[in-house]
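> heads up, no residue letters with this:
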Ligand SMILES: CC/C=C\C/C=C\CCCC/C=C/C(=O)SCCNC(=O)CCNC(=O)[C@H](O)C(C)(C)COP(=O)(O)OP(=O)(O)OC[C@H]1O[C@@H](n2cnc3c(N)ncnc32)[C@H](O)[C@@H]1OP(=O)(O)O
C-alpha cells in the first residue's frame, strides 16, 4: 500500500498538469480569490458554470472562509458571457443541462452566505455581467472594458431572473434602457448608474476589491448573512419555483430558426473580427 502511494501521487500530479483547472482558487486568511480560467475569454460553457458552482459551494463549506473575490486569470476579459457555441445548433439534452448549470450557478452565487466582490479588470458582457451583479460589490477598471446585458443586440432575450438581478442593482428605469437597448457601459458610467461600486485604474482593482470585501466582513457575520438573505431570497425563490418552466422556455426559444440564425450571424461576426485581429 505504502509502495503504491508515490505512483498514485505521480498519476495525480500528471492528471493535474494535463487538465487545466477552469477555476483557480487562492485562499487567503479568511477569504478566497476565485479566478475564472477558461481561455481565451472565459466564455461560460456548461463545465465552467459547474466549476464556478462547485468552487463557491466548497468555499461555503470551509469554516475558515467567510468571503470571496470573483476575478479572471485574463486581465483583458472578466467573462465573455455564455458560450454561444452551447446555444448554436445544440443537442436538446445538453442544452437543458447547460441551462440548468446556468440556473444553479446564478442561484448559488446570488444567495451564497459568503461575502462576495467582483474584481472586474476586463470586459464583462451578458452572462459575465450577471456573475458580477450576483456579487455584493463590484470594482471595475477605468478605460476600455465594458459591462452590460447586451442580449438584445444578439437577437436573444435575457431571462426574467437576469432582468430581476439588474433591476435590484440599478433600478427599473436604468434596466429598461440597458436591457432593451443591449447597452454596455464603461466603469465610470457604470458607477454613475450604480452598476459598479468603484471605478479604479486596472492596477488597483484587486486592492480595492479586497478593501470592499473586508468592509463586508467587518459586519457581524449572522447579521450580514440574514440581511443578505432578506434582500435576495425573494428574487431567487421566483426562479426556484419555476426552474423547469424556465428551462423549457429557454430550450424552445433557443431552438427556433430565428434565434439559430441570429446566433449564426453573431458567431460569424466574432470569427471575422478575430481573423482580422490575427491578420494585423
Ligand atoms: C423567453 C426567454 C427564455 C430564455 C432566454 C433565451 C435565450 C437566452 C439568452 C441567455 C442569456 C445570454 C447570455 C449571454 O451571455 S450570451 C453571450 C454574450 N456575449 C457576448 O456578446 C460577447 C461576445 N464576445 C466579445 O464581445 C468579445 O469576444 C470580447 C469578450 C469583448 C473579447 O474580445 P477579444 O479579446 O477581441 O476576443 P475575440 O473577440 O477575438 O474572441 C476570441 C475568441 O473567443 C470567441 N468568443 C468570444 N466570445 C464568445 C462567446 N460568448 N461564446 C463563444 N465564443 C466566444 C471568439 O469567437 C474567438 O474565437 P476564435 O475561435 O475565432 O479565436
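Perfect, I can see it now. Since the structure is predicted, the reported quantities are computational estimates derived from the model, not experimental observations. Numbers count the residues shown, from 1 in each chain.

> strands of the stretch 101-250 of the chain, start to end?
Applying DSSP state E, counting those that start in this stretch to the stretch 101-250 of the chain gives strands spanning 115-120, 124-125, 137-141, 147-148, 198-200.

> same list, those strands, but as JSON lines with distance to residue 84, mean neighbour count and mean pLDDT please.
From N, CA and C alone the C-beta is placed, and that goes for glycine too. Shown next, in JSON lines, are the strands of the stretch 101-250 of the chain (distance: least, C-beta to C-beta, whole Å; neighbours: other C-beta atoms under 10 Å; pLDDT from 0 to 100):
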{"stretch": "strand 115-120", "distance to residue 84": "21", "mean neighbour count": "28", "mean pLDDT": "98"}
{"stretch": "strand 124-125", "distance to residue 84": "11", "mean neighbour count": "28", "mean pLDDT": "98"}
{"stretch": "strand 137-141", "distance to residue 84": "23", "mean neighbour count": "27", "mean pLDDT": "98"}
{"stretch": "strand 147-148", "distance to residue 84": "17", "mean neighbour count": "26", "mean pLDDT": "98"}
{"stretch": "strand 198-200", "distance to residue 84": "28", "mean neighbour count": "19", "mean pLDDT": "98"}
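
> any idea how far stretch 152-163 is from the chain center?
Computed by C-alpha atoms, centre = their mean, to the nearest Å, the chain-centroid distance of stretch 152-163 equals 15 Å.

> quick one: end-to-end distance for that stretch.
12 Å (C-alpha to C-alpha, to the nearest Å).

> same question for stretch 123-137.
17 Å.

> pull out the buried positions in it.
Within stretch 123-137, the residues that count as buried by 16 or more other C-beta atoms under 10 Å are 123-137.

> what segments of the stretch 101-250 of the chain are helices?
127-134, 151-154, 160-170, 172-181, 187-193, 205-217, 221-240, 243-254 (DSSP state H, counting those that start in this stretch).

> out of the ones you listed, deepest packed?
Most buried of those, by mean neighbour count (mean count of other C-beta atoms under 10 Å): helix 127-134, with a mean of 26.

> tell me where the stretch 51-200 of the chain is predicted with low confidence.
The model of the stretch 51-200 of the chain has no residue with pLDDT under 70.
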